[in-house]
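Colleague: For reference, the sequence and a predicted model appear below.
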Amino acid sequence: MPVEWQPKIVGFACRWCTYAGADLAGTSRMQYPSSIRLVRVPCSGRVNPSFVIRAFQRGADGVLVAGCHPGDCHYTSGNLFTRRRYSLVQRFLGYMGIEPERFRVEWISAAEGARFAQVVKEMTRDIQALGPNRKMREEP
Amino acid sequence: MREHQTQVRKTAEDLMKTGKARLFIGYTEGLEAARPVAFFLKDPERAGALVLNEFCGAGLAKYVLDEAVSPDALSGEPLPPVAIVAKGCDALGLERLMADNRVPRDELYIIGIACHGIVDPGKVLEVTGEEPVSAQVEKDHVAVMTTRGSHRLAKAGCLMDKCLTCEDPTPRVYDVLLGDPVQEGPAGKRDFSGVTQVESLSPDERYEFWARQFQRCLRCFACRNVCPACNCSVCSLDEREPEWLSRSTDLPEQFMFHFTRAYHVAGRCVACGECQRACPVGIPLMLLNEKFMKDIRDLFGEPAPHRPSEVEPLGKFCPDDPEGWLKEAETA
Ligand code: SF4
Ligand code: SF4
Ligand code: SF4
């Protein structure tokens, strides 16, 4: 049986919520695909949209931006700016031709290890169906 | 518009003679009759060289950044303001610069023009095969004189793109206004039909479309230079080794550049259309600006285009903002 192709997913995770949530998933021995590479950021509001585009250009097949639920931001309002920004950026990426499955924004708290595992599973499955990203891609 | 030419000359002469302005920015004859160029008048005797007609489309707003430096660097004396001719769209650009604290209101003396629309010489050439020399915008059509005859053209077919969706034909700020205020743009409202058209393509088709557009980009930065919303005093594009964008014109870098340009003016773009007009290779930049404009309107209920005096939509939030990211079914 041929080895199944594994997408590369870059996940920008807020250190207060999602990163801790991912930790919880790990320490609770939850199973999720190894397709995700997490980048710890101080806040989802730190994720400059250029990071997302660069990630796609340098080899990501999918990108996840994840942080605290609205109202729970360690810095009070960082994720509320994220919500505005990425509502626009996600649509704009689509407008430039990136399939919506390849880019997700999720609120995942430190207690939601299972949710983290679930999101990674879903993204991996969806992107597997699409195949590798070739758009905006720099030649390796 | 031409009917105000005499008044513009007179105003310029007065302002310069009485020392009420230190510079007058307007238009003068270019190499072709239908392509007037920017004119920087310092000598009141030369006011007769100023022109104002149905072809004065180029926005002048951005030029004030090069000129508005008071007090005088040498003497420390406060200088009189810079006078500038502004149609509705140009005045929005000036408002943008003022809202961004790039130029104080009292540094400007704005000669507002209530505008009925500007004729795009390229479109006339396309429709008639002849070079236009003069034009008059009437209520329901445009009378155009070309090198070989006269034509009666539909507004939609010969006015500049920006005029077809103009919502502010009368400047919202001015010191004097020439002409009676015009309530409505010459040809209808912005309907975002271009954006909807791109949205209706499949993701692959959309990507192909933009790749085709972006690979022509020369990175001449004319679109930035002319844009009143792109007004940082130090621009990362001018760095020798910018951190986030290389000088390369490879396709990935083009996507990065065009995303960045459009995102930087998202919520701040005044829809003056200057970027697209200035682009030497005809990249439809307004389709990028309008996409943000449309989504900002749909998601956050902000008017489109946004008026600069308000707080920028991306500089604020509401606790109950929607989550605007679309799932597959909604984008298809
Ligand atoms: S956009 Fe409006 S104000 Fe500007 S030239 Fe056209 S009609 Fe006049
Ligand atoms: S992006 Fe284009 S339309 Fe918008 S303000 Fe700048 S030049 Fe005008
Ligand atoms: S004006 Fe046109 S060619 Fe020049 S940098 Fe802008 S988009 Fe590219």
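Modeller: Arrived safely. Ligands and ions are numbered 1, 2, ... in the order given.
Colleague: For the residue in the stretch 101-250 of chain B positioned nearest to chain A, grab phi and psi.
Modeller: Nearest residue of the stretch 101-250 of chain B to chain A (C-beta to the nearest C-beta) works out as residue B:207 at 2.6 Å. C-beta coordinates here come from the backbone N, C-alpha and C atoms, glycine included. When read as degrees, to the nearest 10, the backbone of residue B:207 gives phi -60, psi -40.
Colleague: Name the nearest residue to the spatially most central residue of chain A, sequence neighbours excluded.
Modeller: Closest to where the C-alpha atoms of chain A average out (C-alpha atoms, centre = their mean) is residue A:64, at 1.1 Å. The shortest distance from residue A:64 to any non-neighbouring residue, by C-beta to C-beta, 6 or more residues apart in numbering or on different chains, is to residue A:11 (4.2 Å).
Colleague: what's the spacing between the residue nearest to residue A:31 when sequence neighbours are not counted and ligand 1?
Modeller: Computed as C-beta to C-beta, 6+ apart, the closest residue to residue A:31 that is not its neighbour in sequence is residue A:117, at 7.0 Å. Counting by C-beta to the nearest ligand atom, to the nearest Å, the gap between residue A:117 and ligand 1 amounts to 53 Å.
Colleague: again, but for residue B:302
Modeller: From residue B:302 across to ligand 1, the span is 20 Å (C-beta to the nearest ligand atom).
Colleague: so what's that residue up against?
Modeller: The neighbourhood of residue B:302, defined by C-beta atoms under 8 Å, 6 or more residues apart in numbering or on different chains, consists of B:267, B:296, B:313.
Colleague: Please, where are all the helices along the chain?
Modeller: Picked chain A for this. Taking DSSP state H as the criterion, chain A carries its helices at A:18-27, A:49-57, A:78-95, A:113-130.
Colleague: looking at chain B here, not the other one
Modeller: For chain B, the helices defined by DSSP H cover B:5-17, B:64-67, B:88-99, B:121-128, B:155-158, B:161-164, B:193-199, B:203-214, B:222-226, B:251-264, B:274-278, B:285-300, B:328-331.
Colleague: how much space between the residue nearest to the centre of chain A and residue A:44?
Modeller: Noted for residue A:64: a distance of 10 Å to residue A:44, by C-beta to C-beta, to the nearest Å.
Colleague: what's the overlap in contacts for those two?
Modeller: A:12, A:105.
Colleague: sorry, back to before: could you count how many residues lie near the residue nearest to residue A:31?
Modeller: Using other C-beta atoms under 10 Å in any protein chain shown, residue A:117 has 22 neighbouring residues.
Colleague: list the contacts for residue B:130?
Modeller: B:124, B:146-149, B:151.
Colleague: among the residues you listed, which ones are buried?
Modeller: Buried members of the contacts of residue B:130, scored by 16 or more other C-beta atoms under 10 Å in any protein chain shown, are B:124, B:146, B:151.
Colleague: Can you give me every residue that contacts residue 21?
Modeller: You didn't pick a chain, so chain A it is. Contacts of residue A:21 (C-beta under 8 Å, 6+ apart): A:13, A:108-113, A:115-116.
Colleague: should've been chain B
Modeller: Residue B:21 makes contact with B:15, B:80-83, B:109, according to C-beta under 8 Å, 6+ apart.
Colleague: Distance-wise, check it relative to residue B:101.
Modeller: Counting by C-beta to C-beta, the gap from residue B:21 to residue B:101 is 22 Å.
Colleague: Could you do residue A:80 as well?
Modeller: According to C-beta to C-beta, residue A:80 stands 25 Å off from residue B:101.
Colleague: Tell me which of these two has more neighbours.
Modeller: Neighbours per residue, other C-beta under 10 Å: of residue A:80 and residue B:101, the larger number sits with residue A:80, 19 against 8.
Colleague: who's in contact with the closest residue to that one other than its chain neighbours?
Modeller: Among residues not flanking residue A:80 along the chain, residue B:317 sits closest, at 4.1 Å (C-beta to C-beta, 6+ apart). Residue B:317 sits next to A:77, A:80-81, A:83-84 when contact means C-beta under 8 Å, 6+ apart.
Colleague: Contact residues of the stretch 51-200 of chain B facing ligand 1?
Modeller: Within reach of ligand 1 by C-beta under 6 Å from any ligand atom, the stretch 51-200 of chain B has these residues: B:57, B:87-89, B:115, B:117-118, B:160, B:162-163, B:166, B:169, B:185-186.
Colleague: Can you name the two of these that sit furthest apart?
Modeller: The most widely separated members of those, counting by C-beta to C-beta, are B:57 and B:185 (14.1 Å).
Colleague: Now do the same for residue 89: its pLDDT.
Modeller: Went with chain A since none was named. If you check residue A:89, the pLDDT there is 95.
Colleague: was after chain B, sorry
Modeller: pLDDT recorded at residue B:89 is 95.
Colleague: The closest residue in space to it that isn't next to it in sequence - how many residues pack around it?
Modeller: Closest residue to residue B:89 apart from its sequence neighbours, by C-beta to C-beta, 6+ apart: residue B:272 at 4.3 Å. Neighbourhood size, residue B:272 [other C-beta under 10 Å]: 29.
Colleague: Tell me which residues touch residue B:272, please.
Modeller: With C-beta under 8 Å, 6+ apart, residue B:272 has these contacts: B:59, B:61, B:89-90, B:92-93, B:162, B:228.
Colleague: Adding distance to residue B:276 and neighbour count as columns, could you present these in a markdown table?
Modeller: Output for the contacts of residue B:272, formatted as a markdown table (distance: C-beta to C-beta, whole Å; neighbours: other C-beta atoms under 10 Å in any protein chain shown):
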| residue | distance to residue B:276 | neighbour count |
| --- | --- | --- |
| B:59 | 11 | 27 |
| B:61 | 16 | 28 |
| B:89 | 13 | 27 |
| B:90 | 16 | 28 |
| B:92 | 15 | 29 |
| B:93 | 14 | 25 |
| B:162 | 8 | 23 |
| B:228 | 14 | 30 |
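Colleague: which one of the residues you listed is nearest ligand 2?
Modeller: Taking C-beta to the nearest ligand atom as the measure, ligand 2 lies nearest residue B:228 of the contacts of residue B:272, at 5.4 Å.
Colleague: With adjacent residues omitted, what lies nearest to that closest one?
Modeller: Computed as C-beta to C-beta, 6+ apart, the closest residue to residue B:228 that is not its neighbour in sequence is residue B:93, at 3.4 Å.
Colleague: related to what we said a few turns ago, got the contact list for the residue of the stretch 101-250 of chain B closest to chain A?
Modeller: Counting by C-beta under 8 Å, 6+ apart, the residues that residue B:207 touches are A:96-98, A:135.
Colleague: and it, how far is that from residue B:257?
Modeller: 16 Å.
Colleague: contacting residues for residue 7?
Modeller: No chain was given, so I picked chain A. Applying C-beta under 8 Å, 6+ apart, the residues near residue A:7 are A:35, A:61-62, A:123-124, A:127-128, A:132.
Colleague: Hmm, no, I was thinking of chain B.
Modeller: Residue B:7 neighbours (C-beta under 8 Å, 6+ apart): residue B:178.
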